[in-house]
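>>> just the structure for this:
(2 chains)
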Number of protein chains: 2
Amino acid sequence: KRMISWLDVYHVFSATVPLYVAMILGYLSAKHLNIFSLEQCAGINKFVAKFSIPLLSFQVISQNNPFKMSPKLILSDILQKILAFVVLAVVLRFWHPTGGRGDKLGWIITGLSVSVLPNTLILGIPILSAIDGDAAVNILVQIVVLQSLIWYNILLFLFEINAARKITSSGASIEHRGNGNEEADIEQEPKEEVAIVRTRSPGTGKILLKAWQKLIINPNTYATLFGLVWATLHFRLGWKLPEMIGKSVHMISDGGLGMAMFSLGLFMASQSSIIACGTKMAIITMVLKFVLGPALMVASAFSIRLRSTLFRVTILQAALPQGIVPFVFAKEYNVNPEIASTGVIFGMLISLPITLAYYFVLDL
Amino acid sequence: KRMISWLDVYHVFSATVPLYVAMILGYLSAKHLNIFSLEQCAGINKFVAKFSIPLLSFQVISQNNPFKMSPKLILSDILQKILAFVVLAVVLRFWHPTGGRGDKLGWIITGLSVSVLPNTLILGIPILSAIDGDAAVNILVQIVVLQSLIWYNILLFLFEINAARKITSSGASIEHRGNGNEEADIEQEPKEEVAIVRTRSPGTGKILLKAWQKLIINPNTYATLFGLVWATLHFRLGWKLPEMIGKSVHMISDGGLGMAMFSLGLFMASQSSIIACGTKMAIITMVLKFVLGPALMVASAFSIRLRSTLFRVTILQAALPQGIVPFVFAKEYNVNPEIASTGVIFGMLISLPITLAYYFVLDL
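Predicted structure coming up:
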């Protein structure tokens, strides 16, 4: 543990500014230069969601030694997410963000994305390695692996359940899926619709089955599973990834981050205001991110009895700004993307001061 | 100069296979998985053409020392391109690929793309460094710089002239531009159209002016100029590129190559056959690439009196398969993209044996 120098601050800036540059390029090219149509923007976002992110996940998971992960860290990470789910579900029982009644699952998904899925890979590693050095990097890599392997897949599963519920409950409102897999939906629709002519409230089992069928054809599911299998073969049996496969993965995943930010900029341009979700919702988003998320992590870390560096880094990472991947998914499934985008943009603007504030508090 | 080992062959394979993987992913996702619509495919190609390639060009140009380039190499490269232009223009005077009469400029553009713009960066460097080591890399980097700085800009200028001619001669057939800058065109159209109401054959000056106006708003023009300016500042005055700018450029350019191949795969899927241009045209394409291009380079290298390694590497690089960038531009401007795509695909399949054949001939 050491003091943060100006050089460290500069490194964090160097990690953040390029993300903004990519975003601003996207924003300008859609807003003022009229280079991309809405449908073309959707194509770019889809490429990131279906190819770049899964292959980036494969890379992260396959390079991490699954036999050297900290069980306490895993437990406290899982506990934090469960607590967040419970808190969000309880709050939504008494208060609804838009005053309406429906789409609670959508709001839970958005709440989870904003509060407990921070940007550990891009911002976390430079910021926290400046504070705690290699020990922090080791812990963060494990958290990144848990995100990709467990949480993104669960998030996608929730997105699919939400989509399946909307389709089955409203009969044929395929449009709700936004720019999602329209073609695939249309194929499956006829059978489904006949079933709804009979009954208006389809069984939970059916919805889960449908969501499951979607999940197992999602590239992210395969990429993360293959990543884990490969990590096992590599770290247990010493197998090496052939150069060709490694390069193939990099070829698609390398541009993912820049394109995700570019896509965020494109999305911003399509909204009437930069704070797309309105000021009130933006404030709620920031509270969820910088108060609820870290607070739940503190509760979780205390229960699991994390100590010293592990304790500090686990809580600091929970206070990092929201990740970019949840925005890409929110846009792809069209579930409150305006909130996820505000979370990313504002989160990144105020990330450094907030993280430093948490650091000084934990130092006392 | 040394014998090529099996390890070298393996390295070349490792450089080629990932390109094919990206292409096949694109092909499958559009053809069988129905993930992308045509308009979404156009969005991905446009991102590569307008952002990834310009920034990749900036990177290459800004890292090359302009004061250490070989004047003989530059001259022979220029001479080869002039010869190719003359040969193509003469051939098109007596024989037209489709039997028609129009669009000769379009066919010259395609001919140049196929015959004299090889894939020096991705395939050239691993293949030729295996044969001639660092001396080859040094020569190839200079050729890559000439490609980005001179030839891609001239190619874009020709594309714009072609587009401006089509618009002005056919009145309002904006659709000819394919998925190009429709919005920008529409803005400029009214004034333009009034002028055509008066006369049906607009002056060359007007067309050149219009093409020039397009060229100076093309990101590639700026990126290459800035690259050259920066290289001058860096290698003369010792200025260093700030970490942030370097990272920003990488953020967008890193994925360009994979996406260009992915876009090629998407395009293939939209065609009725994998040899999109038909067998006859595919054979002509291969002759232009592997016979005309290198032959003109031999003529040019003899005239400029290149010697030893410089002579050999210059001719070997001319026999490399067609580059990917010309395909991306051909698709963007919708000028015979089916030929450029066949050139890339088949060129890459037979690149290694052809290059080796040239190597052995030059070795005699």
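>>> any idea how far the nearest residue to A:Ala135 once chain neighbours are set aside is from B:Ala301?
Using C-beta to C-beta, 6 or more residues apart in numbering or on different chains and skipping the chain neighbours, the partner closest in space to A:Ala135 is A:Thr309 (5.0 Å). Glycine gets a C-beta too; all of them are placed from N, C-alpha and C. Going from A:Thr309 to B:Ala301 by C-beta to C-beta, to the nearest Å gives 63 Å.
>>> got it, and A:Pro118?
A:Pro118 sits 57 Å away from B:Ala301, taking C-beta to C-beta as the criterion.
>>> A:Ile275 in helix, strand or coil?
Following DSSP: H, G, I helix; E, B strand; the rest coil, we place A:Ile275 in the coil state.
>>> I figured it hits A:Met286, correct?
No - applying C-beta atoms under 8 Å as the test, A:Ile275 and A:Met286 come out as separate, 11.0 Å apart.
>>> common neighbours of the two, please.
The contact sets of A:Ile275 and A:Met286 overlap at A:Phe346 (C-beta atoms under 8 Å, 6 or more residues apart in numbering or on different chains).
>>> more neighbours, A:Thr309 and B:Ala301?
B:Ala301 (25 against 16; other C-beta atoms under 10 Å in any protein chain shown).
>>> ok, now which ones touch that one?
B:Ala301 sits next to B:Ser76, B:Phe311, B:Thr314, B:Ile315 when contact means C-beta under 8 Å, 6+ apart.
>>> confidence score at it?
For B:Ala301, the model assigns a pLDDT of 95.
>>> re the thing from before, tabulate the contacts of B:Ala301 in JSON lines, adding columns for neighbour count and distance to A:Leu209.
Formatted as JSON lines, the contacts of B:Ala301 follow (neighbours: other C-beta atoms under 10 Å in any protein chain shown; distance: C-beta to C-beta, whole Å):
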{"residue": "B:Ser76", "neighbour count": "25", "distance to A:Leu209": "66"}
{"residue": "B:Phe311", "neighbour count": "19", "distance to A:Leu209": "68"}
{"residue": "B:Thr314", "neighbour count": "26", "distance to A:Leu209": "63"}
{"residue": "B:Ile315", "neighbour count": "24", "distance to A:Leu209": "63"}
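>>> now chain A against chain B: closest residue?
Shortest chain A-to-chain B distance, computed as C-beta to the nearest C-beta: residue-wise this is A:Gly255, at 1.2 Å.
>>> any idea how far A:Trp95 is from that residue?
Distance, A:Gly255 to A:Trp95, using C-beta to C-beta: 41 Å.
>>> higher neighbour count, those two?
In this view A:Gly255 and A:Trp95 are compared by other C-beta under 10 Å, and A:Gly255 has more residues nearby, 31 against 8.
>>> the more buried one contacts B:Gly255, doesn't it?
Yes - assessed by C-beta under 8 Å, A:Gly255 is found in contact with B:Gly255 at 1.2 Å.
>>> any common contacting residues for those two?
Common contacts of A:Gly255 and B:Gly255, defined by C-beta under 8 Å, 6+ apart, comprise A:Ser52, B:Ser52.
>>> in stretch A:204-220, what's buried?
Under the neighbour-count criterion of 16 or more other C-beta atoms under 10 Å in any protein chain shown, stretch A:204-220 has A:Ile207, A:Lys210, A:Ala211, A:Lys214, A:Leu215, A:Asn218, A:Pro219, A:Asn220 buried.
>>> and stretch A:148-163, by the same measure?
Going by neighbour count (16+ other C-beta under 10 Å), the buried part of stretch A:148-163 is A:148-149, A:151-153, A:155-163.
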